[in-house]
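**Student:** Predicted model and sequence below, questions to follow.
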Amino acid sequence: MTTFYHSTRSAGDSVTSKQAILAGIAPDGGLYVSDALGEKGVSLETVCAQGFHDTARLVLGTLLPDYAAEELASCVEGAYGSQWDTPAVCPVTPLGTDWLLELYHGPTCAFKDVALQMLPRLMSVARGGDGRKIMIVTATSGDTGKAALDGFANVAGTGVAVFYPHGKVSDIQRLQMVTQPGDNVAVCAVRGTFDDCQGEVKRIFSDEALAERLAGNGVALSSANSINVGRLAPQVTYYFDAYAQLVCRDAVRMGEEVTFCVPTGNFGDVLAGYFAKRLGLPVRRLVVASNANDVLTDFLTTGTYDRRRDFHKTISPSMDILVSSNLERLLYYASDGDCELVSSLMAQLAEKGFYTVPEAVLDEIRSTFSCGRADDAQTRRTILDTWRELDVLIDPHTAVAKHVLDALPADGTERVCLSTASPYKFCSDVLGALGEATDGMNGFACMDALERLTGTVAPAQLSGLREGEVLHDDVCDRERMGAFVESACARVFL
């Protein structure tokens with residue numbers, strides 16, 4: 001069986017999942033989707049009788065069926081091996097009367113590792129040793145960048161260029177990127193916001209003249225952002241695996257519904273939960289938790305998506321996003337595959353800065369999704385309360401989700417809060433939330449102080465950054481990002 005993918009904005013040209021993963025984004029700027037999503041479900045009985053690795057093979061085989069079973073088995077073995085600090089990969093632990101899904105046990109201490117340890121392997125299989133050269137171009141609000149760099153570093157025939165907003169990521173996040181070794185990696189700070197970085201990356205992908213010049217040297221561009229279906233598919237696994245862990249703990253009976261609360265900016269993490277629901281996971285609600293950049297909260301409340309608002313630099317920087325790219329996929333499915341509508345909405349967003357969805361589409365979205373927000377003060381208070389009351393240390397993104405979850409009335413379901421990063425990636429803000437002064441302290445002084453205060457231990461891959469050499473110090477304006485990509489391609493491949 002071959003599942004074909006096509007753009008959210010036109011159903012004319014279909015590609016296999018391997019082709020979609022290599023391309024990253026559709027030629028018309030849309031995102032790749034499959035109309036077969038949900039036609040074949042994932043067996044709960046099977047999932048609840050196995051571990052993460054087997055479930056990953058099952059989920060990926062369902063979503064990406066043109067990959068052979070042995071190809072996926074090799075990818076899973078390589079992606080979820082000794083680079084994770086727990087055999088469970090993504091363990092579920094108690095959080096008071098709720099549950100915490102810990103997604104930060106990979107090599108870069110963020111949930112992006114679940115997908116970005118897998119994506120390079122999926123791409124390598126898709127290329128099939130055909131000699132093509134691929135340059136991964138990625139915008140990051142903090143975590144994707146390091147995870148992409150770690151996943152693609154020194155992968156044969158592949159380069160990776162990462163752009164991050166200058167001065168708008170944490171000290172630790174920045175150091176994770178700028179100390180990254182590898183002959184095929186390039187990192188550049190951009191004067192602007194994440195949305196500036198992401199918008200320009202999309203423009204770079206649509207730059208036909210650039211594509212032609214690169215093609216002349218045998219180079220093609222692809223993406224490691226969650227616009228790539230190869231990023232999205234692996235994340236579906238941890239929703240199913242979390243459910244299996246709850247069943248094994250007798251917290252739920254097989255078939256009972258569960259609610260997931262997800263801190264999200266680009267909408268990819270929570271969209272993976274929607275994919276899981278379409279594949280048969282008993283999901284009562286998917287709760288979208290936003291910080292002060294609450295464009296998604298407003299959209300789910302009013303039906304109007306409006307990016308014409310002030311940008312807020314928050315203590316949860318990976319969510320400081322005003323254009324949530326993956327929402328486009330949800331609009332496609334919620335409109336019953338109306339490419340014309342999706343294309344029109346995306347054009348309105350680009351030209352006017354806002355769009356309003358039809359009432360029927362909003363009703364369909366609201367049948368699954370709820371929302372809430374937390375400002376920085378509420379986020380800090382949640383970090384403090386969670387530590388004092390539950391003896392659980394959480395990062396600011398997780399705290400946004402917990403604040404939103406705590407504000408929701410109980411609905412009789414078990415509730416899972418997704419924890420997307422180690423608190424030590426944001427040690428200054430976590431330490432400050434616990435009431436400690438941080439003035440004049442760099443990230444490592446805050447890290448040491450947080451260890452002393454809480455009796456917890458920073459992950460070695462973060463504490464070891466203090467010994468790292470800064471290898472990437474480039475800074476550019478948005479208009480120079482394309483030139484940076486072209487020069488990176490020349491350095492890596494020529």
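**Tutor:** Noted; the coordinates are in hand. All values derive from a computational prediction rather than experimental measurement.
**Student:** the strands in the stretch 1-150 of the chain, which residues?
**Tutor:** 4-7, 10-16, 32-33, 92-95, 98-102, 133-139 (DSSP state E, counting those that start in this stretch).
**Student:** how about these, which one is nearest residue 220?
**Tutor:** strand 133-139 (5.8 Å; C-beta to C-beta). Glycine gets a C-beta too; all of them are placed from N, C-alpha and C.
**Student:** Rounded mean pLDDT for that closest one, please.
**Tutor:** Averaging pLDDT along strand 133-139 yields 94.
**Student:** How far off centre is it?
**Tutor:** 16 Å (C-alpha atoms, centre = their mean, to the nearest Å).
**Student:** What of stretch 233-246?
**Tutor:** 15 Å.
**Student:** now stretch 111-129
**Tutor:** 14 Å.
**Student:** cool, and stretch 434-441?
**Tutor:** So, by C-alpha atoms, centre = their mean, the centroid of stretch 434-441 is 30 Å from its chain's centroid.
**Student:** and that stretch, which residues are buried?
**Tutor:** For stretch 434-441, the neighbour count (16 or more other C-beta atoms under 10 Å) marks 434, 438, 441 as buried.
**Student:** What are the buried residues along the lengthiest helix in the chain?
**Tutor:** Counting residues, the longest helix found in the chain (DSSP state H) is helix 229-248. By 16+ other C-beta under 10 Å, the buried positions in helix 229-248 come out as 229-247.
**Student:** Next one: residue 392 from residue 382, what distance?
**Tutor:** Counting by C-beta to C-beta, to the nearest Å, the separation of residue 392 from residue 382 is 11 Å.
**Student:** likewise residue 194?
**Tutor:** 23 Å.
**Student:** go on, residue 372?
**Tutor:** 12 Å.
**Student:** Spit out the residues that contact those two alike.
**Tutor:** Common contact partners of residue 372 and residue 382 (C-beta atoms under 8 Å, 6 or more residues apart in numbering): residue 403.
**Student:** okay, residue 392 and residue 382: which has more neighbours?
**Tutor:** residue 382 (23 against 17; other C-beta atoms under 10 Å).
**Student:** ok but that one is inside a helix, no?
**Tutor:** Yes. Checked against DSSP: H, G, I helix; E, B strand; the rest coil, residue 382 lies within a helix.
**Student:** what about it, distance to residue 432?
**Tutor:** Distance from residue 382 to residue 432, by C-beta to C-beta: 13 Å.
**Student:** again with residue 308
**Tutor:** From residue 308 over to residue 432 (counting by C-beta to C-beta), the distance is 31 Å.
**Student:** What sits closest to residue 422 if chain neighbours are left out?
**Tutor:** residue 109 (3.9 Å; C-beta to C-beta, 6 or more residues apart in numbering).
**Student:** my read: the one you found touches residue 462, true?
**Tutor:** Yes. Because the distance of 6.0 Å satisfies C-beta atoms under 8 Å, residue 109 is recorded as touching residue 462.
**Student:** For the two, list the residues in contact with both.
**Tutor:** Common neighbours of residue 109 and residue 462 (C-beta under 8 Å, 6+ apart) are 422, 424, 425.
**Student:** how about TSV for those, with neighbour count and pLDDT added?
**Tutor:** Shown next, in TSV, are these (neighbours: other C-beta atoms under 10 Å; pLDDT from 0 to 100):
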residue	neighbour count	pLDDT
422	27	97
424	24	97
425	32	95
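**Student:** what distance separates stretch 476-494 from the centre of its chain?
**Tutor:** Per C-alpha atoms, centre = their mean, the centroid offset for stretch 476-494 relative to its chain is 24 Å.
**Student:** Repeat that for stretch 60-68.
**Tutor:** That offset, for stretch 60-68, works out to 21 Å (C-alpha atoms, centre = their mean).
**Student:** Can you list the buried residues in it?
**Tutor:** 60, 61, 62, 63, 64, 65, 66, 67.
**Student:** need those in a markdown table with distance to residue 144 and pLDDT, can you?
**Tutor:** Formatted as a markdown table, the buried residues of stretch 60-68 follow (distance: C-beta to C-beta, whole Å; pLDDT from 0 to 100):
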| residue | distance to residue 144 | pLDDT |
| --- | --- | --- |
| 60 | 20 | 98 |
| 61 | 25 | 97 |
| 62 | 25 | 97 |
| 63 | 20 | 97 |
| 64 | 20 | 96 |
| 65 | 26 | 93 |
| 66 | 26 | 94 |
| 67 | 23 | 97 |
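**Student:** Distance to residue 151 for these - can I get that in TSV?
**Tutor:** Shown next, in TSV, are the buried residues of stretch 60-68 (distance: C-beta to C-beta, whole Å):
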residue	distance to residue 151
60	16
61	21
62	23
63	19
64	17
65	23
66	22
67	18
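**Student:** Out of those residues, which sit inside helices?
**Tutor:** Using DSSP H, those in helices are 60, 61, 62, 63.
**Student:** check contacts around the second one.
**Tutor:** Taking C-beta under 8 Å, 6+ apart, we find residue 61 in contact with 67, 69, 72.
**Student:** Kindly indicate whether residue 281 is helix, strand or coil.
**Tutor:** coil.
**Student:** Pretty sure it sits against residue 238.
**Tutor:** No. Applying C-beta under 8 Å as the test, residue 281 and residue 238 come out as separate, 11.0 Å apart.
**Student:** Residue 291 and residue 373, how far apart?
**Tutor:** 7 Å.
**Student:** Low-confidence bits of the stretch 1-150 of the chain, can you list those?
**Tutor:** 1-2 (pLDDT under 70).
**Student:** how many neighbours does residue 131 have?
**Tutor:** When neighbours are counted by other C-beta under 10 Å, residue 131 comes out with 8.
**Student:** meant to ask about residue 448, not that
**Tutor:** Residues near residue 448, counting by other C-beta under 10 Å: 16.
**Student:** Who are the packing partners of the host helix or strand of it?
**Tutor:** Using DSSP states H and E, residue 448 sits within helix 443-454. Here helix 443-454 touches helix 171-178, helix 427-433, helix 460-463, going by 3 or more C-beta pairs under 8 Å, 6 or more residues apart in numbering; DSSP states H and E.
**Student:** would you turn these into TSV with mean pLDDT and distance to residue 188?
**Tutor:** Formatted as TSV, the helices and strands packed on helix 443-454 follow (pLDDT from 0 to 100; distance: least, C-beta to C-beta, whole Å):
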stretch	mean pLDDT	distance to residue 188
helix 171-178	94	10
helix 427-433	97	24
helix 460-463	95	22
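**Student:** That concludes my questions; thank you for your assistance.
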